[in-house]
Structures are given as structure tokens and as C-alpha cells.
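# coords below, sequence missing:
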């Protein structure tokens, strides 16, 4: 297993949440689970990833940078348990969690 952590701070980022946390997905073959919760991180977002697929740090960073550009969130802790999901599935699950958390 590989453990990754990424911290991002989007200038002017904002997140308005309607819930204490959300959980999407399931850890199974080719999938992942995402837990997202508001947390005071001085405007930053932290992604903590445990993955069964080693050597994909650059792919993770690209997917997370895309999410940050599109949604401009702030003060979020995102915990991901991955079982070799493709970048498209990762993006889908993170978007799904954000939409549920912010009720958009």
C-alpha cells in the first residue's frame, strides 16, 4: 500500500457545506471510497490517500489539481481508500462527494 498526502490552497476558495461529512463509493476491485468533511485548514484542502496501486503519485496529483480548478474548494479534508481505481473513477467519486457535501 502507498500512502500519499496532498495539500492545496486555491486563492479565494470557498466551501459551504450542509453536512458534517459524506462518504461515497466502496472499496472493491477497481473502485475506491471517498470521505469528505469540512475542517479548518486555513483555507486549504488536504487529500489523504491510501492506495493499493503503487507508483501513481503524478496521476493522483493531476486528478486532484483538476478538481481544485473546477470547484475551488477550501477547508476540506478528503480521505480516500483506493483499490486501483482509474483516474476517471477517482474524478467521478470526488465530484460526487463534493456535490453531496455542498448540496449542489
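Noted; the coordinates are in hand. Just so we're clear, the structure is a prediction, and the values are computed from it rather than from any experiment.
# As a check, name the ranges of all helices in the chain.
Counting by DSSP state H, the chain forms helices over residues 57-71, 87-102, given from the N-terminal end onward.
# Nearest to residue 39, out of those helices?
When those are compared by C-beta to C-beta, helix 87-102 sits nearest residue 39, at 11.7 Å. Backbone N, C-alpha and C define where each C-beta goes, glycine included.
# And that closest one, what's buried?
Of the residues in helix 87-102, those scored as buried under the neighbour-count criterion (16 or more other C-beta atoms under 10 Å) are 89-95, 97-98, 100-102.
# Now that helix: average pLDDT?
Averaged across helix 87-102, pLDDT comes to 95.
# what is the orientation angle of it with helix 57-71?
Relative orientation of helix 87-102 with respect to helix 57-71: 40 degrees, computed using axes from the mean of the first three to the mean of the last three C-alpha atoms, to 10 degrees.
# chain center to helix 87-102: distance?
In terms of C-alpha atoms, centre = their mean, to the nearest Å, the centre of helix 87-102 is set 7 Å apart from its chain centre.
# for stretch 32-49, same thing?
If you compare the mean C-alpha spot of stretch 32-49 with that of the full chain, they lie 7 Å apart, counting by C-alpha atoms, centre = their mean.
# what's the first-to-last distance across that stretch?
10 Å (C-alpha to C-alpha, to the nearest Å).
# Okay, and the beta partners of residue 33?
Under the criterion DSSP bridges, residue 33 forms beta bridges with residue 25, residue 81.
# Contacts only, for it.
For residue 33, the contact set (C-beta atoms under 8 Å, 6 or more residues apart in numbering) comprises 23-27, 80-81, 93.
# In TSV, list these along with distance to residue 45.
Output for the contacts of residue 33, formatted as TSV (distance: C-beta to C-beta, whole Å):
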residue	distance to residue 45
23	17
24	16
25	18
26	23
27	22
80	12
81	18
93	15
